[in-house]
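Trainee: Okay, here's the prediction I keep looking at, along with the sequence it came from:
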Amino acid sequence: MGGTMNTKILIGVAVVFGLLLLAFLGPQDVPPPEDRGELVAGGRFVLERDGAILLEEEYTVFFHPTEGYMLLSQGEVHTGDAVISLAQQAQYDRGFLPIFYQLAAETPAGAQIISAQMGVTGLTMEVRVGLSSQEATLADVSNLALLDNNVIGHYAILLAAVRAEAIDRAFTAAVPQALLSLPAKVEGPNSIEFLAGEVTYEGKTFDVHLGDTRITLIEYEGRLVGLANWAQGTVGYEAGRFPDGIEIIGGDDADVSPEGVTEEEISFVSDGLTLAGTAAFPSGEGPFSAALFIHGSGPVDRDGNAVGMEMDAYRQLAHALAEGGIASLRFDKRGVGESEGDGATASMADLVGDVRAALAALRERPEIDPERVILIGHSEGAYLAPIVAGEDDAPAGVALLAGASRPLDEITRWQIETLLRQQGASEEQVAAALEQEDEYIAFVESSTGEWADYTVDDLKAALSWLTDETAAQLAATPLGLSWLREHYTADTEGALRGVTAPVLALNGEKDLQVPVDEGERIREILADAGNEDVIVHAIPDLNHLLRYHPEEPSLIFRHIADPVDSRVIELLLEWVLARVGG
């Protein structure tokens, strides 16, 4: 669901432009060859997705007995029709602790310089865009690694540190491009076979869990020769050794169905587009009761995964329901995975239409009892589900996971205020940020068309606090202007009042995107409209992505490598069985 204005733009741009690196590192920044020490590692890597080259990187690692390790890399990033040169350098001590890091980027928003420097207060990270800059300091550096899933050389250093037992298996990853630190862990080695050309090789794999992302490192003869980012669908390989690429035999086993659960790939048509999904069936003979999963916001696939974030919640819930005797359908949003269309321009009405089409396709299946189908909406899906549920051919029930009763503009104001207070901002800072957000909301609600219809000057005229750089970043946001406008102005309460079917609302107390008390507000609205069949649960230590989260609430999702919280599965399954049976 939507995020804060300034924070989301800056973090989002930092992550996106982690790929867009230009060689601003002058010769004076890199020691001459004779001072770098012994060459101990290196390679030429290619990163691909579906056969298309995204990144070509050549890196070298030097070891100096006094200075430690130096990583240098250069290469090219392929983005659309553009090819952008890159260069970066990092210095580590003899125990692989990062001491210094620098890269630069020439982005659409202007020159961007990213650096990290170890000092007495910890690791200070800085992002400079034009004349503006932001800093963050990571105080605890006792077990630290620099990682960026767009710079393969960092993973060569990590693998060397793991092999030398210089870093714990559970560690902290610093991502200077985003001014973030993430909990990380590494598992392995595991023996595997991989294919290169027509030859099979025996190697080792290490699984790196970086925040929400799982990346598999492939080692052969003591060297990093490949990696696979399962959420992004990217594969990297050492092109000097394996010019035809590599493939892990067996691949990712994350989508293996439990015993007794059968899955079938299906497709259906919505607004002239073919959308693809997976139907999960329990053992036995139908007709079965069933559930339709409705996604959260953004370009997510049928399992809830987006580029760089392997959430996998809907697959896990679908399998749990199937083991309890409930069939289900989950599908790729338009423009994602195997579904046609352009998700970037999809309106709220488009998404509602896709849900209607998916519901009709599910009900038409001979294995399904069309009278015993429920909707399960998560995050944005909890906005869409009541709209469909309030129509004539209503479902047998509606489950709202991390759902809100108020429109998105009110939720984003709450996000901003809550986050700033959590960070210790003053009352003046909070008031100034909310004033900016109110101006932004007013612009979005009165806007027409899409971001492409507005120039940077137009945006600066509408929003007094924008600079050239932030205006360009705003125009490049992946959230469509029509999408924002419709969600900001939606009659969310009216949609809820139209729901006469039984309702389950599950909200997490550690959710920093939707207030936990939204569940009670949903109950009050429905009760006022005459619907008393409403069950609400406020689950302690649960975050927005339905994971157990004992720490303080955070916009940086934690524990995504862990399974969906068992309390969510148990409460959902209990409610579904009580309403539609197994």
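Mentor: Received the coordinates, thanks. In this text the structure is predicted, and so the values were computed from the model without any measurement. Numbers count the residues shown, from 1 in each chain.
Trainee: Assign a three-state SS to Gln436, would you?
Mentor: What DSSP: H, G, I helix; E, B strand; the rest coil gives for Gln436 is helix.
Trainee: so it touches Leu466, yeah?
Mentor: No - Gln436 lies out of contact with Leu466 (Cβ atoms under 8 Å); the separation is 9.4 Å. No exception for glycine: its C-beta is placed from N, CA and C like everyone else's.
Trainee: quick one: the strands in the stretch 301-450 of the chain?
Mentor: Remark: strands assigned in the stretch 301-450 of the chain by DSSP state E, counting those that start in this stretch are 327-331, 368-378, 397-401.
Trainee: Output these as CSV; include the columns mean neighbour count and mean pLDDT.
Mentor: Shown next, in CSV, are these (neighbours: other Cβ atoms under 10 Å; pLDDT from 0 to 100):
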stretch, mean neighbour count, mean pLDDT
strand 327-331, 28, 97
strand 368-378, 22, 97
strand 397-401, 28, 98
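Trainee: could I get the ones you listed as JSON lines with distance to Gly284?
Mentor: Output for those, formatted as JSON lines (distance: least, Cβ to Cβ, whole Å):
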{"stretch": "strand 327-331", "distance to Gly284": "11"}
{"stretch": "strand 368-378", "distance to Gly284": "13"}
{"stretch": "strand 397-401", "distance to Gly284": "21"}
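Trainee: Which of the ones you listed sits closest to Arg523?
Mentor: strand 397-401 (10.6 Å; Cβ to Cβ).
Trainee: for that closest one, packing partners?
Mentor: strand 368-378, helix 381-389, strand 503-508, helix 566-580 (3 or more Cβ pairs under 8 Å, 6 or more residues apart in numbering; DSSP states H and E).
Trainee: Check which helices and strands the second one sits against.
Mentor: Going back to what we said before, that points to helix 381-389. Packed against helix 381-389 by the contact rule (3+ Cβ pairs under 8 Å, 6+ apart) you find strand 288-294, helix 348-364, strand 368-378, strand 397-401, helix 492-497.
Trainee: Strand 288-294 and the third one, what's the angle between them?
Mentor: Read it as strand 368-378. If you take axes from the mean of the first three to the mean of the last three Cα atoms, to 10 degrees, strand 368-378 sits at 30 degrees to strand 288-294.
Trainee: Just the C-alpha atoms of strand 368-378, please, in CSV.
Mentor: In CSV, the C-alpha atoms belonging to strand 368-378 read as follows (Å, rounded to 0.1, in the frame of the first residue of the first chain):
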residue,chain,number,x,y,z
ILE,A,368,-15.8,-25.7,-7.8
ASP,A,369,-19.2,-25.1,-6.1
PRO,A,370,-20.0,-21.5,-7.3
GLU,A,371,-22.1,-20.8,-4.3
ARG,A,372,-19.2,-21.5,-1.9
VAL,A,373,-16.5,-19.1,-3.1
ILE,A,374,-14.9,-16.4,-0.9
LEU,A,375,-12.6,-13.5,-1.6
ILE,A,376,-9.3,-13.0,0.2
GLY,A,377,-8.0,-9.5,-0.2
HIS,A,378,-4.6,-8.5,1.1
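Trainee: For Tyr383, give its distance to Ser297.
Mentor: The spacing between Tyr383 and Ser297, counted by Cβ to Cβ, to the nearest Å, is 9 Å.
Trainee: neighbour count winner among those two?
Mentor: Shown here are Tyr383 and Ser297; by other Cβ atoms under 10 Å, Tyr383 has more neighbours (29 against 21).
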